[in-house]
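Enquirer: structure for this input, please:
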Amino acid sequence: QVQLVESGGGLVQAGDSLRLTCAGSGRTPFNYYAIAWFRQAPGKEREFVAAINWNGKSTFYADTVKGRFAISRDNAKNTVDLEMNSLNPEDTAAYYCAARLGTVVVQRGDDYDYWGQGTVVTVSS
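Expert: Numbers count the residues shown, from 1 in each chain. Okay, the predicted model is just below:
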């Protein structure tokens, strides 16, 4: 089992950058988990943003964020970061990190077992 806590959200202007951090804790080693970021905007369904495999060597991105966002992890610190650049109002959402045991990285939220409480990102135009 792993507990996940997101941080780094806030209010920014269009074009700005923001870094979100997902911190994990628990008895199972953090590098046993694939980690993903999802987001949910008001009135919309949850959507996949990015994911990273256990050792950080494989990353995946939604088309809407590819080239602007970067996911990375530091297993020594039990953290996964989401660097977000060139933010626009369509990126406004609650951002959640999620963990899934194993080496396979997937993009479907239902396949992730553990979720954080989320952090809110608001991008003004």
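Enquirer: center of this structure - which residue?
Expert: Residue closest to the mean C-alpha point of the chain, counted by CA atoms, centre = their mean, is residue 37 at 2.4 Å.
Enquirer: from what I can see it touches residue 22, true?
Expert: Yes - if you go by CB atoms under 8 Å, residue 37 and residue 22 touch, sitting 7.4 Å apart. For every residue, glycine as well, the C-beta is placed using N, CA and C.
Enquirer: between the two, which contacts overlap?
Expert: 80, 82, 97 (CB atoms under 8 Å, 6 or more residues apart in numbering).
Enquirer: got the buried residues for the host helix or strand of the first one?
Expert: Right, residue 80. Per DSSP states H and E, residue 80 falls inside strand 79-84. Neighbour counts over strand 79-84 (16 or more other CB atoms under 10 Å) mark 79, 80, 81, 82, 84 as buried.
Enquirer: ok, the residues you listed vs residue 65, which is closest?
Expert: residue 84 (7.6 Å; CB to CB).
Enquirer: where along this structure do the helices fall?
Expert: Applying DSSP state H to the chain gives no helices.
Enquirer: how close does the nearest residue to the residue nearest to the centre of the chain once chain neighbours are set aside get to residue 109?
Expert: Nearest non-adjacent residue to residue 37, counting by CB to CB, 6 or more residues apart in numbering: residue 49, 4.3 Å away. For residue 49, the distance to residue 109 equals 11 Å [CB to CB, to the nearest Å].
Enquirer: shared neighbours, these two?
Expert: 36, 38.
Enquirer: please identify which of the two sits among more neighbours.
Expert: Here residue 49 and residue 109 are set side by side on neighbour count (other CB atoms under 10 Å), and the busier one is residue 49, at 25 against 16.
Enquirer: ranges for the strands of this structure?
Expert: 3-7, 10-13, 18-25, 33-40, 47-52, 59-61, 69-74, 79-84, 93-101, 114-115, 119-124 (DSSP state E).
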